[in-house]
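**Student:** Let's see this in three dimensions:
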Amino acid sequence: MIHGLLHFSFWEMVLTTLVMTQITVISVTIYLHRCQAHRALELHSSISHFFRFWLWLTTGMTTKAWTAIHRKHHAKCETAEDPHSPVAMGIKTVLFNGAELYRKEKQNKETLERYGQGTPDDFMEDFYVKHSMLGLGIMLALDIILFGLPGITIWAVQMMWIPFFAAGVINGIGHYFGYRNFECPDAARNIIPFGFLLSGEELHNNHHTFGSSAKLSYKWWEFDLGWGIIKIFSFLGLAKVKKLPPKLISNPSKQTIDGETLKAVLLNRFNIMSNYSKDVILPLLKKEKNKIDSGLKDLLIREKSLIDQLEHKKLVFLLQKQKMLNLVYQYKLSLQDIWSRTSATQKELLDALHQWCKSAEESGIEGLKHFAQRIKSYVTHPVS
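**Tutor:** Numbers count the residues shown, from 1 in each chain. Next up is the predicted model:
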């Protein structure tokens, strides 16, 4: 029993531990996150049952509780009601006490009932909920039987993996440090370009921008292991992808603003804002680099709702000295205002978009003119 039934060497045990923890991460990202919480894909019942069983053994988490807490996180992101926001609670609290925050929110019946709708409600789920500690005990026994006394350490690593990486790193650092492809209305960030240990979950800014997408990578160089596994499942008939991130499609011969233009703009508003920063704001900043404050770039690009009062005052002060930058920034805000008019009719939105493009073309700023002309070419489907 000292060496266990398998008699593995040290490095064999390390590799086995890594494989088992990756199965757990994959179960969380594909089943709990993308399938259950966001309905981004459908899984064959055999795959779903395996993931549920494995999570019961390795985490003690149940589908309804995890799904409800995650959905509430999106609904109340970065507010006092967010179950795990480093913006509201502080990075140390979420990074080191993420699992405790999860357990606390799990006791909130209102959260479970309001945000846990549509999750499995069968006899197996009832068993997993009532006997959550039994699964962890079985996993401990299996680890000791297979690996001997080192199995206790392997089990401890398994138990810490999700609480630290998912509850701590993703929910904490993922809203605190990293890069942003899109200026979504919360502080979500992509932690690193490549994250094998997190199966794509490190692409947190992408996810918060396109929450219902089964694919978390967006740039060509971003790696999403979870998406690769979903593609394999799809090929084998074990999964069906329901939604992917939108992509801007342009028809160069189209130069009129119509209903399709408006639909494409509304659907791709985050992509459009990203392009606006890249094609309009940044070239102008580069041209005026010797005349501007070093902190202005970030403020010009950042989502308006994430700029605090002091930063707003600084931005206003700096823009008073830079008329061209002030002009393109005001155009940015007025473009965002168009898709923020939730009560406006389609005609009102079309008129507003038409007027914005007309004004931008007449602004005298070359980058802004070309950007407005490109908006007219947007369509929702490729030209056949």
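
**Student:** Where do the domain boundaries of this protein fall?
**Tutor:** Domain assignment for the chain by automatic domain parsing gives 10-241, 249-379.

**Student:** Give me the average confidence score over the last one.
**Tutor:** Mean pLDDT, computed over domain 249-379, is 91.

**Student:** From the chain's centroid, how far away is that domain?
**Tutor:** For domain 249-379, the separation from the chain centroid amounts to 23 Å (computed by Cα atoms, centre = their mean, to the nearest Å).

**Student:** Stretch 32-47 too?
**Tutor:** That offset, for stretch 32-47, works out to 16 Å (Cα atoms, centre = their mean).

**Student:** ok, back up a step: got the domains of the chain as a markdown table, with mean neighbour count columns?
**Tutor:** For every residue, glycine as well, the C-beta is placed using N, CA and C. Shown next, in a markdown table, are those (neighbours: other Cβ atoms under 10 Å):
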| stretch | mean neighbour count |
| --- | --- |
| domain 10-241 | 18 |
| domain 249-379 | 15 |
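
**Student:** In CSV: the ones you listed, plus distance to residue 4.
**Tutor:** Shown next, in CSV, are the domains of the chain (distance: least, Cβ to Cβ, whole Å):
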stretch, distance to residue 4
domain 10-241, 4
domain 249-379, 51
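
**Student:** between those, which gets nearest to residue 3?
**Tutor:** Judged by Cβ to Cβ, the one of the domains of the chain that comes nearest to residue 3 is domain 10-241, at 4.5 Å.

**Student:** quick one: average pLDDT of the closest one?
**Tutor:** 94.

**Student:** Could I get the contacting residues of the nearest residue to residue 151 once chain neighbours are set aside?
**Tutor:** Closest residue in space to residue 151, ignoring its immediate chain neighbours: residue 143 at 3.5 Å, by Cβ to Cβ, 6 or more residues apart in numbering. With contact taken as Cβ atoms under 8 Å, 6 or more residues apart in numbering, residue 143 is in contact with 151-152, 154-155, 158.

**Student:** Convert the helix or strand harbouring residue 143 to PDB, retaining C-alpha atoms only.
**Tutor:** Here residue 143 is covered by helix 132-147, with elements defined by DSSP states H and E. Extracted in PDB, the C-alpha atoms of helix 132-147 (Å, rounded to 0.1, in the frame of the first residue of the first chain):
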ATOM      1  CA  SER A 132     -21.300  15.700  -2.200                       C
ATOM      2  CA  MET A 133     -18.700  14.700   0.300                       C
ATOM      3  CA  LEU A 134     -19.000  11.000  -0.600                       C
ATOM      4  CA  GLY A 135     -17.600  11.600  -4.000                       C
ATOM      5  CA  LEU A 136     -14.500  13.300  -2.600                       C
ATOM      6  CA  GLY A 137     -14.100  10.400  -0.100                       C
ATOM      7  CA  ILE A 138     -14.200   7.900  -2.900                       C
ATOM      8  CA  MET A 139     -11.600   9.900  -4.900                       C
ATOM      9  CA  LEU A 140      -9.300   9.900  -1.900                       C
ATOM     10  CA  ALA A 141      -9.700   6.100  -1.400                       C
ATOM     11  CA  LEU A 142      -9.000   5.500  -5.200                       C
ATOM     12  CA  ASP A 143      -5.900   7.700  -5.100                       C
ATOM     13  CA  ILE A 144      -4.500   5.900  -2.100                       C
ATOM     14  CA  ILE A 145      -5.300   2.400  -3.600                       C
ATOM     15  CA  LEU A 146      -3.700   3.300  -6.900                       C
ATOM     16  CA  PHE A 147      -0.700   5.400  -5.800                       C
END
